[in-house]
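Peer 1: this one's structure only:
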């Protein structure tokens, strides 16, 4: 039986009287895409930030099985080891690509910075690898010296993907990666994401309010409301035959023109 890549157990986080996450548990397996949906304030982005250890939790734990087979308790990692993990085996894709990029350095430098972080020092190799990953995310490698501010929003999001993927992570956390993009740009980005997930056997947790995004990308689905998971299962089963009234409402709203 395949071992889970990530185990989230009884994760809880409150802000005063508000329970943003309430005893949430799930497993993520290699090559699996897990979608987390819910309206604004449901706790989905808090959950993602908690998994990444960007915020402290009240209780619960997250266990990750590393590339070398070691089980890592994420909340107990020393800060240096956590940072190394986020630069190598994990990646985080921000909703606003400007939060995930260095806007005052070139596209190539944005990608190359992650390579420098893991000890690559040969300038020619770094530049070649940056050009390769620009091509992987459908950006002309001739734009390697352009600043991100010269790119459209969709291109900035693709550049952020290249920056994350250059170190060949096994787990990607995505927070509303298509938010704020025009519909046509969203469609192109989703096609690219689906291709990258398949080609590189990525495991992904994707947070979104967009039912269409998870239907296209996610194998499994968690539906969150007021900090709790109210429904979970295979994506098609949950969306085609929702059982919880809140899920029914979300699906109905997505179908309304």
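Peer 2: Perfect, I can see it now. This one's a predicted model, so the numbers in the text were calculated from it and none came from an experiment. Residues are numbered from 1 along each chain as shown.

Peer 1: and stretch 117-125, how far out from the chain middle?
Peer 2: Relative to its parent chain, stretch 117-125 has a centroid offset of 25 Å by C-alpha atoms, centre = their mean, to the nearest Å.

Peer 1: which residues touch it?
Peer 2: 84, 87, 88, 126, 129, 167 (C-beta atoms under 8 Å, 6 or more residues apart in numbering). To be clear about C-beta, it is placed using only N, CA and C from the backbone, and glycine gets the same treatment.

Peer 1: may I see the residues you listed arranged in JSON lines, with secondary structure as well?
Peer 2: Putting the contacts of stretch 117-125 into JSON lines (DSSP: H, G, I helix; E, B strand; the rest coil) gives the following:
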{"residue": "84", "secondary structure": "helix"}
{"residue": "87", "secondary structure": "helix"}
{"residue": "88", "secondary structure": "helix"}
{"residue": "126", "secondary structure": "helix"}
{"residue": "129", "secondary structure": "helix"}
{"residue": "167", "secondary structure": "coil"}
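
Peer 1: from the residues you listed, keep the buried residues only.
Peer 2: Among the contacts of stretch 117-125, the ones that count as buried by 16 or more other C-beta atoms under 10 Å are 87, 88, 126, 129, 167.

Peer 1: wait, the first one touches residue 167, no?
Peer 2: Yes - proximity of residue 87 to residue 167 meets the contact threshold set by C-beta atoms under 8 Å, at 6.3 Å.

Peer 1: give me the common contacts of those two.
Peer 2: Common neighbours of residue 87 and residue 167 (criterion: C-beta under 8 Å, 6+ apart): 114, 117, 118.

Peer 1: got these as JSON lines, with distance to residue 57 columns?
Peer 2: Converted to JSON lines, the shared contacts of residue 87 and residue 167 look like this (distance: C-beta to C-beta, whole Å):
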{"residue": "114", "distance to residue 57": "27"}
{"residue": "117", "distance to residue 57": "26"}
{"residue": "118", "distance to residue 57": "28"}
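
Peer 1: with pLDDT, neighbour count and distance to residue 29 added, can I get these in TSV?
Peer 2: Below are these laid out as TSV (pLDDT from 0 to 100; neighbours: other C-beta atoms under 10 Å; distance: C-beta to C-beta, whole Å):
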residue	pLDDT	neighbour count	distance to residue 29
114	89	23	25
117	85	14	28
118	84	11	26
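
Peer 1: which of the residues you listed sits closest to residue 140?
Peer 2: residue 114 (20.5 Å; C-beta to C-beta).

Peer 1: buried residues, the helix or strand hosting the closest one. List them.
Peer 2: Assigned by DSSP states H and E, residue 114 falls within helix 107-117. Of all the residues in helix 107-117, those buried under the rule 16+ other C-beta under 10 Å are 107, 108, 109, 110, 111, 112, 113, 114, 115.

Peer 1: ok, and the closest non-adjacent residue to residue 143?
Peer 2: Leaving aside its chain neighbours, residue 143 sits nearest to residue 107 (6.0 Å; criterion: C-beta to C-beta, 6 or more residues apart in numbering).

Peer 1: equivalent analysis for residue 95, please.
Peer 2: Take residue 95 and drop its neighbours on the chain: the residue closest to it by C-beta to C-beta, 6+ apart is residue 176, 3.9 Å away.

Peer 1: next: residue 112.
Peer 2: Per C-beta to C-beta, 6+ apart, closest to residue 112 is residue 126, 4.3 Å.

Peer 1: where does the stretch 1-150 of the chain dip in pLDDT?
Peer 2: Across the stretch 1-150 of the chain, nothing is flagged by pLDDT under 70.

Peer 1: and the helices in it?
Peer 2: Assigned by DSSP state H, counting those that start in this stretch, the stretch 1-150 of the chain shows helices spanning 44-51, 79-88, 97-100, 107-117, 123-136.

Peer 1: state the distance from the closest residue to residue 2 other than its chain neighbours to residue 93.
Peer 2: Among residues not flanking residue 2 along the chain, residue 29 sits closest, at 5.6 Å (C-beta to C-beta, 6+ apart). Distance from residue 29 to residue 93, counting by C-beta to C-beta, to the nearest Å: 20 Å.
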